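**Q** I would like to see how this sequence folds:
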Amino acid sequence: MTSSLGRRLTSAFVVIGFGSALLTAILINLAFGGRFDTYLDQQRSVREGQLASAFTSAYEPGRGWQLGRLDQLAPAIAMTGAGVRLVDPSGKLVWSLADSQMGPGMARMHREMAAAGPLLPQEQVPLTLRGREIGELFVALPEGTVPLVDQGFRRSVNWLLALGALMGGTIGVGAGVIVARRTVRPIIELTSVARDLQAGDRTRRAEVPGDDEISQLARAFNDLVDSVAREDAVRRAFAADVAHELRTPLAVLRSQVEAIQDGVVEPSPVVLNSLHEETLRLGRLTADLETMTSADSVEFDLHRETVDLADIVERAASGLGHRYEEQRLNLALRTEPTAVSGDKVRLQQVVTNLLTNAVKFVPAGGSVTVSTRHADGWVELCVDDDGPGIAAADLPHVFERFYRGNEVRTGGSGIGLAVVAALVHAHGGDVSVDNCSEGGASFLVRLPALTNEQRATA
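**A** Next up, the predicted model:
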């Protein structure tokens with residue numbers, strides 16, 4: 001393409017190379033020309049001084065100008081090709097080369113033989129003797145007064161400058177082409193990979209060696225593609241899991257409702273309780289999805305107030321008591337008053353999700369212990385169980401969205417613990433998980449404790 005980055009870079013280097021070389025040559029030529037013109041002026045001044053000295057020698061005090069001596073100077077002056085005219089202090093013409101014994105024809109012939117070129121404008125040179133003005137000499141030197149060696153030197157310098165500018169520009173063009181190609185090549189590679197990705201090829205990656213900015217961009221691009229691929233795989237798995245989770249309660253609801261409609265089953269309290277349980281299951285799933293969406297939104301906000309974390313734990317445990325009884329699990333609370341600044345509803349959701357998660361892993365007959373305490377400016381919530389623990393491969397991914405371990409005993413969407421992490425981080429805390437030495441998993445939530453000012457206000 002005529003407007004491609006490579007062509008623009010090459011054109012820029014060409015312009016910069018030739019422009020810099022030309023500008024340098026012009027500046028050097030101007031500087032040298034000024035010095036050379038000064039040198040020429042000095043040479044003309046020397047010649048004018050020599051003529052002035054020669055004419056002054058032809059003047060005798062008391063007797064005035066000696067025309068015979070002036071005529072003797074005529075051949076030498078004629079050989080230089082200069083035009084000379086002498087006047088006295090009153091402005092009266094005393095002598096000129098054209099009026100000398102040589103005559104104007106002889107003077108013109110000598111000037112043509114010297115090939116000195118046209119005459120320059122006249123210069124007025126005052127003549128003095130012993131501090132007294134004796135006349136003025138009007139001298140018109142020819143352009144060819146400058147020695148031929150000096151003129152040749154100036155021409156050679158100009159040619160060298162022109163050659164240097166041409167070589168510099170050529171080197172700049174070559175360097176520009178090389179740099180432009182090396183700069184554009186990785187960009188072309190990135191563009192090609194991006195187009196292949198857009199066309200559906202998710203396996204190709206940009207191959208840009210080196211450690212410069214473009215190489216770092218290529219590596220960041222590859223990391224981004226890998227991340228998108230992972231997220232796409234997780235998103236597909238999540239869609240399948242959510243569809244499965246929704247399908248089960250919906251199928252139960254549909255079958256029981258149709259059975260009631262057909263008169264096969266009576267709408268007894270047992271049937272209604274079963275329908276209620278399935279609707280609660282759907283509600284929990286949609287609530288988790290809504291929480292995840294809210295946590296990702298910039299408008300997500302917490303309605304903070306001073307609350308007792310121990311009281312929240314007791315409320316959550318009371319709400320899940322029947323589920324623990326159904327699974328034949330023992331739930332023990334070891335709480336102490338622990339005041340924090342937080343959203344009561346969101347914190348109860350954190351505790352509920354942690355307790356619900358334990359139901360999925362701890363086998364029947366197991367126990368779950370929940371405790372709260374103060375520790376070094378933090379309020380800690382611990383949920384420990386005596387289940388099989390968490391596989392080492394699953395530990396780093398427990399709080400990732402949509403991740404489900406292989407040891408889950410009952411269905412789950414993989415959202416609950418991700419919701420816990422999002423809500424705890426929104427409160428300025430952190431959450432971690434590890435396996436206990438005696439067996440089972442231990443979840444630790446740390447929230448900032450109240451400051452002295454907050455305690456006083458509370």
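**Q** Work out for me the element D232 sits within.
**A** Secondary structure from DSSP states H and E places D232 in helix 213-262.
**Q** Give me the helices and strands touching the helix or strand just after that helix, please.
**A** Downstream of helix 213-262, the next assigned helix or strand under DSSP H and E is helix 269-296. Secondary-structure packing of helix 269-296 (3 or more C-beta pairs under 8 Å, 6 or more residues apart in numbering; DSSP states H and E): helix 213-262, helix 344-361, helix 416-426. Any C-beta I mention is one placed from the backbone N, CA and C, and that applies to glycine too.
**Q** Turn those into JSON lines, columns for distance to A194.
**A** Putting the helices and strands packed on helix 269-296 into JSON lines (distance: least, C-beta to C-beta, whole Å) gives the following:
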{"stretch": "helix 213-262", "distance to A194": "8"}
{"stretch": "helix 344-361", "distance to A194": "40"}
{"stretch": "helix 416-426", "distance to A194": "31"}
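**Q** would JSON lines of those with mean pLDDT and mean neighbour count be doable?
**A** Shown next, in JSON lines, are these (pLDDT from 0 to 100; neighbours: other C-beta atoms under 10 Å):
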{"stretch": "helix 213-262", "mean pLDDT": "77", "mean neighbour count": "13"}
{"stretch": "helix 344-361", "mean pLDDT": "89", "mean neighbour count": "21"}
{"stretch": "helix 416-426", "mean pLDDT": "86", "mean neighbour count": "21"}
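**Q** Now do the contacts for L275.
**A** L275 makes contact with V252, L253, Q256, V257 under the criterion C-beta atoms under 8 Å, 6 or more residues apart in numbering.
**Q** if I pick the last one, what's in contact with it?
**A** For V257, the contacting residues are L275, by C-beta under 8 Å, 6+ apart.
**Q** same thing with the third one?
**A** With contacts defined as C-beta under 8 Å, 6+ apart, the neighbours of Q256 are V265, V271, S274, L275.
**Q** same thing with L395?
**A** V433, D434, N435.
**Q** Identify the residue nearest the last one in space, chain neighbours excluded?
**A** Among residues not flanking N435 along the chain, G389 sits closest, at 4.2 Å (C-beta to C-beta, 6 or more residues apart in numbering).
**Q** before we move on, what about the second one?
**A** Nearest in space to D434, with sequence neighbours left out and distances taken as C-beta to C-beta, 6+ apart, is S442 at 5.6 Å.
**Q** quick check, that neighbour in a strand?
**A** Yes. Per DSSP: H, G, I helix; E, B strand; the rest coil, S442 lies within a strand segment.
**Q** if I pick it, what's in contact with it?
**A** C382, V383, D384, D385, V433, D434, N435, C436.
**Q** E438 too?
**A** Contact partners of E438, counting by C-beta under 8 Å, 6+ apart, are D386.
**Q** does it count as helix, strand or coil?
**A** coil.
**Q** Report the separation between it and G389.
**A** 10 Å (C-beta to C-beta, to the nearest Å).
**Q** again, but for A316
**A** Counting by C-beta to C-beta, the gap from A316 to G389 is 23 Å.
**Q** all helices for the stretch 1-150 of the chain, in order.
**A** Here the stretch 1-150 of the chain has its helices, by DSSP state H, counting those that start in this stretch, at 5-56, 67-80, 103-114, 148-199.
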